[in-house]
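*Asks:* Here is a sequence with its predicted model. Questions after.
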Amino acid sequence: MKLGLLVFSHIMSSWLAPIPDCDEVFNYWEPLHYLVFGNGQETWEYSPEYGLRSYFYLLLHAFPTYLLKLLGVPSVYNFKLTRLSFGLFSTFAQHKLLDAIEASEFTYFLFSINSGLFMASQTFLPSTFAMNFMCLALCSFFNYYKKQSKKDLFLALLHCGVAMVVGWPFVAIIPGIFVLPYLYKHPSFVLNKDLWTYGILALVFTIVPSVVADSFFYGKVTFAVLNLINYNTSLGSNLVGSSVLFGTDPWHMYLLNLFLNFNFVSST
């Protein structure tokens with residue numbers, strides 16, 4: 001029953017929800033269509049001149065689309081079923097997290113009616129991809145906390161690496177939120193050799209295939225995630241004047257935006 005609530009919510013989202021973000025269309029669906037069907041629009045972020053978006057990320061999402069193409073599924077249903085595969089993976093990731101924390105049926109119900117998760121679960125954006133793998137990372141970390149299993153520690157670090165390197169690098173702050181309390185109680189954990197060994201392995205397993213795939217498609221050595229960080233944080237050589245083409249907002253804009261999105265009205 002609990003899992004059924006999530007499955008139903010994400011199936012409805014995958015089949016009925018509109019695409020609200022132009023980036024999803026032109027940065028991901030169009031390049032994916034190019035990879036699978038041989039034609040599609042190219043945005044400046046996917047041009048070899050800038051290389052801000054990862055082809056490795058696209059390849060991971062291309063499998064269901066390509067399989068459906070081989071099966072002769074019409075394009076419209078190919079699109080719908082591809083979205084459904086994204087939604088079902090979100091269901092899996094959220095269920096793993098909720099199961100790890102022994103969530104109640106009411107918590108499952110809250111997840112299933114949450115408007116943010118409803119819209120994000122099937123969205124073809126790196127932020128959704130990172131959200132799913134952070135759910136899996138949290139699940140593995142909770143299991144490590146309970147069992148002290150090396151396998152769970154490695155999976156937690158690997159999932160964090162996939163979320164940050166393949167998905168969206170700016171979620172790097174999230175692991176700190178759930179690791180710092182653990183370090184407060186177990187400060188010696190920072191010297192744990194398994195932590196560093198598995199952390200390095202996780203980076204190798206994510207960075208190497210990313211660089212190989214991106215370099216192949218861009219025709220030169222490229223690490224798209226690093227380019228994206230450089231562009232958005234003004235590290236290294238700026239691209240087209242960095243990301244300040246249309247001006248910047250003061251720091252307190254973030255506080256106002258948070259208040260707008262998480263005020264007492266939206267929380268009731």
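*Replies:* Right, received. Where do you want to start?
*Asks:* Can you pull out the low-pLDDT segments for the stretch 101-250 of the chain?
*Replies:* For the stretch 101-250 of the chain, the stretches with pLDDT under 70 are 234-248.
*Asks:* if we go to 50?
*Replies:* Judged against pLDDT under 50, the low-scoring parts of the stretch 101-250 of the chain cover residues 236, 238-241.
*Asks:* Okay, helices next: where are they in it?
*Replies:* Ranges of helices in the stretch 101-250 of the chain, per DSSP state H, counting those that start in this stretch, are 105-113, 115-120, 126-147, 150-161, 173-185, 193-218, 224-233.
*Asks:* Give me the mean pLDDT for stretch 14-33.
*Replies:* Mean per-residue pLDDT for stretch 14-33: 89.
*Asks:* and the end-to-end length of it?
*Replies:* Stretch 14-33 has its terminal residues 18 Å apart, counting by Cα to Cα, to the nearest Å.
*Asks:* for that stretch, which positions count as buried?
*Replies:* Residues of stretch 14-33 classed as buried under the neighbour-count rule (16 or more other Cβ atoms under 10 Å) are 14, 17, 23, 26, 27, 28, 29, 30, 31, 32, 33. Any C-beta I mention is one placed from the backbone N, CA and C, and that applies to glycine too.
*Asks:* The helices of the stretch 101-250 of the chain: which one's closest to residue 53?
*Replies:* helix 224-233 (5.8 Å; Cβ to Cβ).
*Asks:* hey, C-alpha coordinates of the next helix or strand after that closest one in CSV?
*Replies:* Once helix 224-233 ends, the next helix or strand along the chain (criterion: DSSP states H and E) is helix 253-261. Coordinates of the C-alpha atoms in helix 253-261 are reproduced here as CSV (Å, rounded to 0.1, in the frame of the first residue of the first chain):
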residue,chain,number,x,y,z
MET,A,253,18.0,38.1,-2.8
TYR,A,254,18.4,34.4,-1.8
LEU,A,255,16.8,35.1,1.6
LEU,A,256,13.9,36.9,0.0
ASN,A,257,13.5,34.1,-2.5
LEU,A,258,13.5,31.5,0.3
PHE,A,259,10.9,33.4,2.2
LEU,A,260,8.8,33.6,-0.9
ASN,A,261,9.0,29.8,-1.5
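*Asks:* just how off-centre is helix 253-261 within its chain?
*Replies:* Mean C-alpha position of helix 253-261 versus that of the full chain (Cα atoms, centre = their mean, to the nearest Å) differs by 23 Å.
*Asks:* residues in contact with the closest residue to residue 123 other than its chain neighbours?
*Replies:* Distances taken as Cβ to Cβ, 6 or more residues apart in numbering put residue 24 closest to residue 123, at 6.1 Å, once the chain neighbours are dropped. Under the criterion of Cβ atoms under 8 Å, 6 or more residues apart in numbering, the neighbours of residue 24 are 123, 124, 125.
*Asks:* For the buried residues of stretch 14-33, work out which two are farthest apart.
*Replies:* Among the buried residues of stretch 14-33, the pair separated by the greatest distance (Cβ to Cβ) is 17 and 31, at 21.2 Å.
*Asks:* what's the spacing between the residue nearest to residue 113 when sequence neighbours are not counted and residue 133?
*Replies:* On the basis of Cβ to Cβ, 6+ apart, the spatially nearest residue to residue 113 that is not a chain neighbour turns out to be residue 9, at 7.1 Å. Using Cβ to Cβ, to the nearest Å, one obtains 20 Å as the distance from residue 9 to residue 133.
*Asks:* what do you get for residue 118?
*Replies:* In this structure, residue 118 and residue 133 are separated by 19 Å, where distance is defined by Cβ to Cβ.
*Asks:* Comparing these two, which residue is more hemmed in?
*Replies:* Counting neighbours by other Cβ atoms under 10 Å for residue 118 and for residue 133 shows that residue 133 has the greater number, 23 against 18.
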